[in-house]
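**Q** turn this into a structure:
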Amino acid sequence: MAKKHTRRGVSVAVVLLILVALAGIAAGVWLVLQKSGSSANNDRHYDLTMQVGEQKTLEADFAHEFTCMSSDVTVISVDEATNLLTAKKAGEATLVAKDSVSGEKAFFFVTVTDNPANPGAVVTDATTTEVTTTTEETTTTTTTAAPGVVSGISLSYYSANVKVGEVHPYALVTMTPEDAKNKNEIWETDNDKVATVDKAGRIKGIGAGKCKIRVTAEGNPYIFAEIDVTVVDPNAPATTPAPETTTASAATTTTTAATTTVAGLPQQSEPNGTVTGVNGAPSIEVKNGLTYVNGILIANKTYALPSTYNPGVDPEAQAAFNEMQAAAAKEGRSLAICSGFRSYSTQQALYQKYVNRDGKAAADRYSARAGHSEHQTGLAFDINKASSSFTSTPEAKWLAENCWKYGFILRYPEGKENITGYMYESWHVRYLGKEIAKAVYESGLTLEEYLGITSRYAD
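**A** Presented below is the predicted three-dimensional model:
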């Protein structure tokens with residue numbers, strides 16, 4: 001009996017071991033299915049491996065939009081708006097994606113490994129910060145980002161003037177760092193009744209008005225830049241007020257002119273207290289609040305434009321630029337307008353922003369006060385990039401040597417800040433017409449020196 005009992009006990013033990021083994025196998029099979037197959041409720045499961053610092057947009061084969069959540073945001077985070085994943089530190093986490101309509105789910109079992117180039121690194125939460133150059137360039141955005149992810153974006157121009165039906169040349173987009181893995185662009189308009197934009201960034205004028213065109217880095221939706229677009233209708237009837245002309249004699253030009261002396265220039269103090277240019281004492285006319293010196297419209301620190309003056313881009317200046325652009329292209333140089341006409345109110349907001357950031361004295365060196373900007377005349381353009389980084393480019397050299405042939409002058413030359421009132425701007429040109437531009441260029445003088453006028457604020 002005892003022996004029989006013993007054998008029965010052995011048999012029970014063997015059976016239990018077999019059952020345990022089978023249960024283990026079953027559990028293992030279930031885990032495998034959870035990891036790589038489908039469960040009974042048709043939820044899908046995937047393995048995903050990323051390196052610290054890597055970003056990618058999560059894709060799930062749902063019929064509708066979906067949301068996604070991370071079981072551990074310190075390992076991998078998810079941008080709720082874009083489903084952009086950021087691998088933040090080595091570890092494991094589970095992502096649960098859910099179809100917003102059907103409720104169907106997909107599970108992503110994520111393993112984040114160290115980045116071999118930076119072992120032990122941890123990515124902190126990105127913080128978006130607006131930055132600008134110390135020029136009149138429109139603000140663009142940058143952000144802290146993981147290695148290989150777009151962290152900054154800039155454009156070859158930040159404002160565009162387009163005619164109805166016209167397609168504007170696309171802006172050159174620069175994304176940093178250069179080795180970013182995804183540098184694709186997303187273009188959009190905030191008003192398609194004014195202008196549309198295609199995937200290549202070509203802007204088309206639809207109807208008269210203003211709008212903003214935005215380009216966003218696909219690889220990092222926090223990064224974007226904007227273009228202020230003005231669309232004009234050339235067929236719209238023009239309204240020109242009747243001119244009311246008053247003439248000011250040279251003696252009444254300005255009381256500060258008599259105290260302005262510049263060593264080595266072909267100027268002389270006149271008995272009436274003016275400063276003469278190469279053509280003698282300046283002839284100054286004021287028409288409807290606009291100041292013309294020897295027939296040339298002037299906007300500088302001494303002479304202001306009315307706040308109501310809003311002409312848009314001068315058609316003759318635009319045509320001259322187009323001619324210059326084509327000539328440059330034949331020599332392998334690419335020119336584009338990055339900033340053209342700016343209204344009084346736009347300049348006012350831009351200048352105040354710089355004052356708030358850098359202080360009034362610093363802002364006055366590179367930005368004009370409202371009413372004193374040449375951009376308000378519609379005759380001035382910033383070329384390619386309103387930044388000192390443009391100065392060393394082949395395009396800047398070509399512009400300085402050739403713009404006069406097409407009616408432009410380099411308005412704020414190097415070493416002339418005490419005369420023009422502004423720091424050296426290799427990108428800023430002013431249209432004068434071919435004859436006058438040639439004369440100014442050959443004189444080697446600034447426009448102020450050539451005309452015999454000053455550029456100083458009253459205060």
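
**Q** low-confidence ranges in the chain?
**A** 1-43, 80-82, 117-118, 120-121, 123-146, 238-278 (pLDDT under 70).

**Q** per the annotation, how does it divide into domains?
**A** Domain assignment for the chain by automatic domain parsing gives 44-113, 128-232, 284-451.

**Q** can you check which of the ones you listed gets nearest to residue 122?
**A** Closest to residue 122 of the domains of the chain is domain 44-113 (Cβ to Cβ; 4.6 Å). C-beta coordinates here come from the backbone N, C-alpha and C atoms, glycine included.

**Q** start to end distance for that closest one?
**A** Length of domain 44-113, first residue to last, Cα to Cα, to the nearest Å: 23 Å.

**Q** returning to that earlier point: could you dump the domains of the chain to JSON lines with distance to residue 458 and mean neighbour count?
**A** Below are the domains of the chain laid out as JSON lines (distance: least, Cβ to Cβ, whole Å; neighbours: other Cβ atoms under 10 Å):
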{"stretch": "domain 44-113", "distance to residue 458": "50", "mean neighbour count": "17"}
{"stretch": "domain 128-232", "distance to residue 458": "22", "mean neighbour count": "18"}
{"stretch": "domain 284-451", "distance to residue 458": "8", "mean neighbour count": "19"}
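
**Q** can you lay out these as a markdown table showing distance to residue 122?
**A** Shown next, in a markdown table, are the domains of the chain (distance: least, Cβ to Cβ, whole Å):
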| stretch | distance to residue 122 |
| --- | --- |
| domain 44-113 | 5 |
| domain 128-232 | 10 |
| domain 284-451 | 32 |
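
**Q** the longest strand in the protein is where?
**A** Secondary structure assigned by DSSP state E gives strand 220-232 as the longest strand of the chain.

**Q** so what secondary structure elements neighbour that strand?
**A** Counting contacts by 3 or more Cβ pairs under 8 Å, 6 or more residues apart in numbering; DSSP states H and E, strand 220-232 is packed against strand 140-143, strand 152-155, strand 159-163, strand 203-205, strand 209-217.

**Q** quick one: closest of the ones you listed to residue 65.
**A** From the helices and strands packed on strand 220-232, taking Cβ to Cβ, the stretch that ends up closest is strand 209-217, at 18.6 Å.

**Q** show me the contact partners of that closest one.
**A** For strand 209-217, contacts defined as Cβ atoms under 8 Å, 6 or more residues apart in numbering pick out 150, 153, 155, 160, 171, 173, 175, 182-191, 193-195, 197, 201, 203, 223-231.

**Q** given that strand, what are its sheet partners and their directions?
**A** strand 185-189 (antiparallel), strand 220-232 (antiparallel) (DSSP bridges).

**Q** now name the helix or strand holding the closest residue to residue 391 other than its chain neighbours.
**A** Excluding the flanking residues, the one nearest residue 391 by Cβ to Cβ, 6 or more residues apart in numbering is residue 426, at 4.2 Å. Of the helices and strands defined by DSSP states H and E, residue 426 is found in strand 425-431.

**Q** CA atoms of the helix or strand that comes right after that strand as CSV?
**A** Going down the chain from strand 425-431, the next helix or strand is helix 434-443, by DSSP H and E. Below are the C-alpha coordinates for helix 434-443, written out as CSV (Å, rounded to 0.1, in the frame of the first residue of the first chain):
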residue,chain,number,x,y,z
LYS,A,434,20.4,104.4,-63.6
GLU,A,435,21.7,107.9,-64.3
ILE,A,436,21.8,109.1,-60.7
ALA,A,437,22.9,105.8,-59.3
LYS,A,438,25.9,105.8,-61.7
ALA,A,439,26.8,109.3,-60.7
VAL,A,440,26.6,108.5,-56.9
TYR,A,441,28.6,105.3,-57.4
GLU,A,442,31.3,107.0,-59.4
SER,A,443,31.6,109.7,-56.8
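
**Q** which other helices and strands contact the helix or strand that helix 434-443 is followed by?
**A** Where DSSP H and E defines the elements, the next helix or strand beyond helix 434-443 is helix 447-451. Here helix 447-451 touches helix 417-420, helix 434-443, going by 3+ Cβ pairs under 8 Å, 6+ apart.

**Q** OK, contacts around residue 345?
**A** Residues near residue 345 by Cβ under 8 Å, 6+ apart: 307, 370.

**Q** now the angle from the helix or strand containing residue 401 to helix 434-443?
**A** Here residue 401, judged by DSSP H and E, is contained in helix 394-402. In terms of direction (axes from the mean of the first three to the mean of the last three Cα atoms, to 10 degrees), helix 394-402 departs from helix 434-443 by 100 degrees.
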